[in-house]
Structures are given as structure tokens and as C-alpha cells.
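Visitor: Pasted the sequence and its predicted model underneath.
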Amino acid sequence: MKSDLERKTDISYESAGKFEETRFEKIHNKIFKNASEASLIVAHEIAQLIKSKQTENKACILGLATGSSPIKVYEELVRMHQEDGLSFSNVVAFNLDEYYPMKKENHHSYHHFMHEHLFNHIDIKPENINIPDGTVQADALKQYCIDYENKIKIAGGLDFQLLGIGRTGHVGFNEPGSHINSGTRIITLDYITRVDASSDFNGIESVPKRALTMGVSTILKSKRIVLMAWGQNKAEIIKRTIQGDSSPDIPATFLQNHDNTTFVLDQSAASELTRFKTPWLVQDCNWTLELKCKAIVWLCLKTNRSILKLTDRDYNNNGMSDLLALEGSAYDLNINMFNVLQHTITGWPGGKPNTDDSNRPERANPAKKRIILFSPHPDDDVISMGGTFSKLIRQGHDIHVVYQTSGNIAVTDEEALKFAEVCNDFVDNEATKIDFHSVIDFLNNKSENQMDSPEVRKLKGLIRRRESYAAVRYIGLNESNIHFLDMPFYETGLIKKNPIHAEDIAIIKAIIEKIKPHQVFAAGDLADPHGTHEVCLNAIFAAMADLKPQPFMNDCWLWLYRGAWHEWGIHEIDMAVPLSPEEVMLKRHAILYHQSQKDRVMFQGNDSREFWVRAEDRNKHTAKLYDDLGLAEYEAIEAFKRFDY
């Protein structure tokens, strides 16, 4: 008998492409609302396998992965061990890969990762833990890899293999060009893989160039494979893997040849699959307003026509005949959708006073609003909505910018050393409460894996703080309206942050209760490489949910902006704020006040451009899309989506 949890979210294997809406898909996949929900289900499948092997008095042979994707799976397995009595005494674990060279005690090593997240918290026997050894001598590597492969075979092969996927399409560290028959081996890492890992290592120059990995053939011999992928950054490679041809150019596509593989995805990672991106091509649709907008924007770009120039033939030839039948004619549909998108545009992001607001994205009243602009890092405010920020100030609103974290981890040691040396020369140490002699000594002698001292973290936080003051002073905000929360989850001294805690949420609640805003702006860009945006946003959601019974919350609207990595699609935009050429330059100069983030961006993700360039290009691209649709022509546009909390 299946439990309610299993019945609700069964991820057991089904043949791919079985139904019309999945006809382009070659690998079975299940889509979940978020990574937490999906991870829970994967953990429970692993737990059931362990238990079933225990009843048969057999070992359970698990292939395990590292990286951000499986962390919540391991958290749930640990919870089940500690609270539900799940034993791992019969588990034999083989990890996929390890950087080379890499010492086990290095906190970047996968040996450290697995013990920190799983092995140190369960009752697995130490002799049953197998992780590729990054310290093997070069002349012994070939035999070591053969022995690792044989050890898996002797154990009886992998009963279950957990996988993530890289942007190159690698599984394990099987980079493009890997053969389907490849076994455990040493491999040279793709440049993109090293770029993606660079923020963990504080720069690409510190990322190892090689790694040990199980081969594609080793993985494909597993009896059951589950691959997990979360977030917008994985959407394109997931589409190419699930819908493309099997090829060594994307090693993950070899999983199409396995008859018991399931991809477990969140909605963002699945967003480029045909059935989600263009569902009208594969199935009948429930034509919501947002889906109409999405389809018509897609049709305009595909046909190179503006909205009002679309014809009946355009709709009929591109899978939207049912929409046309629903609306009557292209003429009526075009005008209706033109008006919907046109009404998103406003130069009054706080609402235009003394006007009819029935077709405007924001309310006219109250004319002067209290506003909170939450910024996860000390520069997201100006990067993401610097132009709108300045408009709100000029239009007389009482706007407060709230920086949720110190941002100290994104300040390089070199930048901190420069400031410390200047301060040591000119500043009274007792007044600043920082011993700059100790800071300089620490930074000059800092080892590769050493955590920053509290004094260094304080200095780096002050650097970010003073840059923020300079930027918002330039925009025109009064310093009394600047708030720094220094949320505790962030202050670890490491790139890895703590989980969100009640204390973090309480801090957010306190500032909202104090200001009682009519508008809240928050970062909805979950493509942030280190997840700080997501944690900060979840804290805001939790705080606003707790505060919802308060009377002032009835008049509080939440607007989400996106940051340096990803923009809202046109069909998702509820408020488009146009910027003049002068406002674009003002925004650029405000971003450049964050000098510690210029030239050497530590956490840039997969985009090598500086933040001001990304922001400007993104805003100009949004404006061009509006122009191409025949709506209006502007220099740049900042985009927002209203969220009903």
C-alpha cells in the first residue's frame, strides 16, 4: 500500500514521449513546484530502497552526487535517520567524482562535502564509504580508476544513482566529448564548468583543472537513475538533454538509452521544455491572460510582426487556431492584447496622483506612499531598479532602502587589504573598533582555505556599506532612510550560508512593521549563483505572511524585480517603467559607486560582463521587445511583476 506522499508524487519510471504533450521528450521527467518538495520525494525513494534491501538482508549500493542539487535530499535522509530511525548500516556508497588534485581535508573537496552533509550524521559504516581520492599519485591514477570501477562491480553494481547536471551537459564530470563506453578516469574540466565553480573557489584561477569521475558507462549500468535540476540556469541544458539527439557533445543525453531514468525538475528548470514554453504546439490550452500574452509575444517574434499586424493565418499556422476560435478574429484579439501589454507601461511606479488608475499597474492613492525597497546585497537596488528608485524619490514618495545582507563575502582580499592599509595610515583605530594591523597581517598571511577573521569580515562589510551610502546619496535618498539588516544567515565567513532562521524572519518583520509600507519591492531573481536572493525572498514571504492579519497589510502591494542574471519575460511583466537616456546614465553611475564589485566580479555566474553592463543591456533589450511588439519606443525599461502573497 502506497503512502499519501507516494501516491501524490510518484516518480517511478514511465516511458518518455508517451502522450501528445510530451511527444518531443526522450527522457521521463517529473516537475515539482520547488526543489524542496522534489528533494523530499527523491529522499523517500532512496529510503524505501534501503528498507527493501534490509528486508532481503542485502546491501544497498548507492551512487551519490555532490553540488547544490542534492543538498536537500541529504538533509531529509539525515532527518529520517535521526527522527524516524532509518538505518544506513546496509548502505555502500560510491561517489561520482572528486577534483584532482584535492586533499580530503580541503573544504572544497567532495570528501568534505559528503561528510558535512550526510556521512557524519548517519550510521553508515566508514568502510562502506567510497569517494574518489584526489591525492593519488599521477603515475598510479590509471590503476586506481580501474580498481574503483572493479570495486563497484564486486559490490554488485549500483542499485541507485543520484545525479545533477552541469551547464555543459556533464553528469559526474563527464564533460562534452565523453564516450558512452567511458569508465572511471581522470578528465580535464571544461572551461564553463570551472567558471561555474569559480565562486566557490574565490576565482577561476583556484579551480582545479582536472577531476576523477565515474564514466558514462559506469553510470548507465546503474539499475535506477534519478537526475535532479533546479533553477532557470539549468533550463536550456535540460531541454537539450531531454528533447535533443543523443550525442557526446551533451553527455547527459546518453541517459536516453537507460530504461529506468527519471529527471526530477522544478518549474524553472523545466521552463524551456516545449510543453511549458510553447504548450499550444502540443496540446489544447486553458487560455489564461498570461498564456495569451506569452503566446502572442512568441508569435510576434517568430513571424517578425508587431501585435497589430498579426493575421488569422499567423495564428492558424502556429498552433493557435483554438485561441483564434475563442476570440473570434485576429483583429479583435490583437487589439485586446495590445491594450493589455500597453497598460503595463507607466512612468509613475508609485502610482500617478489624481488620475483614473483602472488601467494603470499601480494605485493613484495614496499619492505619497511609504515604500520599502529590499536589496539582498548592497548593490541589487541600483543594479535592478536604479531608474525606478530615482523616479520614486523624485515623485516624492517616502522610500526606504533595506539591505538584507552585509555582502562582505563578495569583497576580495586585495580590495580589503587596500582599505585596511589606508585606514591604518589615517584612521584612529580605537574609534573604528578595527585593529587594522591585525587585518593587514591576516590578509597577507591568509591560507587558501582559511575563513576570514571577524575583523576582516567587519571591514569588508563596511566597504560594501559605504559604497551603498555613496550610491543612494547620488540618486538623492536621505541617509536616514537607509537600513542595514545584516541578516544572521549570511554571516558565516564562508561562501556557504546557514539556512534561514526565525531570527532572520523576525528582523524582516520588524522593519516592515516599523515603516508600514504601501509598496514593497523585492528581488525575485532566483538565478543568483549562490542562492542569497532566494533565501532573502523567502524571508520576506514568511514575514509578510505572518504580518498579513495586520490592518496596514491590506494596502501593501509586493512588486518583484529581477537582478543581474535573468529578466522577466514580457508576458510576465505587470509594470514596465521606461527610462530616459539621462536616467540610464544616472543608474550606471550609481552602480559604479560600488567600486569593490567593479572589474572583478566574484559571483558573476555564467556572464562575464560587469553588473552595470548587464543591467543596461537587459533594460535596453526589454525596451526593444516592447518596440518590436509595436507598443512604444523607449531607451530602456525596468520590469516588475506583482506578487500576491
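Guide: In hand now; what should we look at? Because the structure is a prediction, the values reported are computed rather than measured.
Visitor: can we go C-alpha only for contacts and neighbour counts from here?
Guide: OK.
Visitor: who touches the closest residue to residue 563 other than its chain neighbours in this structure?
Guide: Excluding its sequence neighbours, the residue lying closest to residue 563 (Cα to Cα, 6 or more residues apart in numbering) is residue 384, at 4.9 Å. Going by Cα atoms under 8 Å, 6 or more residues apart in numbering, residue 384 touches 561, 562, 563, 564, 615, 638.
Visitor: Report the secondary structure state of residue 384.
Guide: helix (DSSP: H, G, I helix; E, B strand; the rest coil).
Visitor: circling back to that earlier point, might you specify the subset of the contacts of residue 384 located within helices?
Guide: Of the positions in the contacts of residue 384, residue 615 sit in helices, assigned by DSSP state H.
Visitor: Select only the buried ones of the contacts of residue 384 in ChimeraX?
Guide: Buried subset of the contacts of residue 384, written as a ChimeraX selection, criterion 16 or more other Cα atoms under 10 Å:
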select :561,562,563,564,615,638
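Visitor: now, among the contacts of residue 384, which is nearest to residue 30?
Guide: Nearest to residue 30, judged by Cα to Cα, of the contacts of residue 384 is residue 562 at 26.7 Å.
Visitor: Can you tell me the element residue 331 falls in?
Guide: helix 330-342 (DSSP states H and E).
Visitor: still on that earlier bit, so what pLDDT did the residue nearest to residue 563 get?
Guide: On pLDDT, residue 384 comes in at 95.
Visitor: In strands only, show me the contacts of residue 384.
Guide: Under the assignment DSSP state E, those contribute 561, 638 to strands.
Visitor: hmm, who's touching the helix or strand just after the helix holding residue 331?
Guide: Downstream of helix 330-342, the next assigned helix or strand under DSSP H and E is strand 370-375. When contacts are defined by Cα under 8 Å, 6+ apart, strand 370-375 is touched by residues 381, 397-404, 512, 515-523.
Visitor: Mind checking which of those are buried?
Guide: Burial by neighbour count, 16+ other Cα under 10 Å: within the contacts of strand 370-375 this picks out 381, 397-404, 512, 516-523.
Visitor: Distance from the chain centre to stretch 240-253, please.
Guide: 23 Å (Cα atoms, centre = their mean, to the nearest Å).
Visitor: Mind listing what's buried along it?
Guide: For stretch 240-253, burial by neighbour count (16+ other Cα under 10 Å) applies to 240-244, 246-253.
Visitor: Could you do stretch 19-37 as well?
Guide: Applying 16+ other Cα under 10 Å to stretch 19-37 flags 21, 22, 24, 25, 26, 27, 28, 29, 30, 31, 32, 35 as buried.
Visitor: Please apply the same query to stretch 411-424.
Guide: 411, 412, 413, 416, 417, 419, 420, 423, 424.
Visitor: got it, and stretch 91-107?
Guide: For stretch 91-107, using 16+ other Cα under 10 Å, the buried residues are 91-104.
Visitor: Ok, stretch 463-481 next?
Guide: So for stretch 463-481, counting by 16+ other Cα under 10 Å, buried means 463, 464, 465, 467, 468, 469, 470, 471, 472, 475, 477.
Visitor: between these, which is closest to residue 55?
Guide: Comparing the buried residues of stretch 463-481 against residue 55 with Cα to Cα places residue 464 closest, at 56.7 Å.
Visitor: any idea how far that closest one is from residue 491?
Guide: Note on residue 464: its distance to residue 491, by Cα to Cα, to the nearest Å, is 14 Å.
Visitor: which sections of the stretch 201-350 of the chain are below the confidence cut-off?
Guide: Applying pLDDT under 70 to the stretch 201-350 of the chain picks out no residues at all.
Visitor: just the chain next, same as before
Guide: Using pLDDT under 70, the flagged stretches of the chain are 1-9, 418, 422, 425-433, 448-449, 493-496, 526-530, 599-608.
Visitor: ok, back up a step: output the contacting helices and strands for the helix holding residue 331.
Guide: helix 289-303, helix 321-327 (3 or more Cα pairs under 8 Å, 6 or more residues apart in numbering; DSSP states H and E).
Visitor: Kindly compare burial across the ones you listed and name the winner.
Guide: Among the helices and strands packed on helix 330-342, the stretch with the highest mean neighbour count (mean count of other Cα atoms under 10 Å) is helix 289-303, at a mean of 17.
Visitor: how distant is that helix from the center of its chain?
Guide: That offset, for helix 289-303, works out to 25 Å (Cα atoms, centre = their mean).
Visitor: which residues touch it?
Guide: By Cα under 8 Å, 6+ apart, the surrounding residues in contact with helix 289-303 are 278, 280, 306-307, 310, 314-315, 318, 337, 341, 570-572, 629.
Visitor: Pull out the buried positions in whatever helix or strand comes next after it.
Guide: For helix 289-303, the following helix or strand on the C-terminal side (DSSP H and E) is helix 312-316. Judged by neighbour count (16+ other Cα under 10 Å), helix 312-316 contains these buried residues: 312, 314, 315.
Visitor: May I have the beta-bridge partners of residue 64?
Guide: residue 95 (DSSP bridges).
Visitor: what number of residues lie near it?
Guide: Using other Cα atoms under 10 Å, residue 64 is surrounded by 22 other residues.
Visitor: The one 10 residues further on too?
Guide: When neighbours are defined as other Cα under 10 Å, residue 74 has 21 of them.
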